[in-house]
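Asker: Model the following, please.
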Amino acid sequence: MIGDLDMHSLPKAKEAVSTLMDEGIYKIIYDLKKVKYIDTSGLGFFIGTLRKLKDKNGDLRLVNPNSYISGIFNLINLNKMIEIYEEMAEAEKEF
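Answerer: Residues are numbered from 1 along each chain as shown. Model prediction:
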């Protein structure tokens, strides 16, 4: 992902997840290195995506969030629902 994850960019993100799931991919890692901002609709996207993936015995992991995004995830305890990693190799372990 690149840029902001907000109500304007969500349709593209949702389409990407749907495509992966249609292909039978239920374990997804999002690299947030180039994401600068996430609004409430973006947070809802991650929660909804996690639920869909868990329904298929899958999982969602996030990598490289900036301090702003990490702060939001910590503030609302979303970091307890979705695993967050600093390195892609860490996120890929046992996935």
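Asker: least trustworthy helix or strand in the chain by mean pLDDT?
Answerer: strand 2-5 (a mean of 84; mean pLDDT, DSSP states H and E).
Asker: Quickly run through the sheet partners of that one, with directions.
Answerer: strand 34-38 (parallel) (DSSP bridges).
Asker: which residues are contacting the partner strand?
Answerer: Strand 34-38 is contacted from outside by Met1, Ile2, Gly3, Asp4, Leu5, Asp6, Pro65, Asn66, Tyr68, Ile69, Ile72, using Cβ atoms under 8 Å, 6 or more residues apart in numbering. C-beta here means a position set from N, CA and C on the backbone, and glycine is covered the same way.
Asker: Identify the bridge partners of the fifth one.
Answerer: Same thing as Leu5. Going by DSSP bridges, Leu5 forms beta bridges with Ile38.
Asker: Please verify my assumption that it contacts Thr49.
Answerer: No: Leu5 is not in contact with Thr49 according to Cβ atoms under 8 Å; the separation is 11.2 Å.
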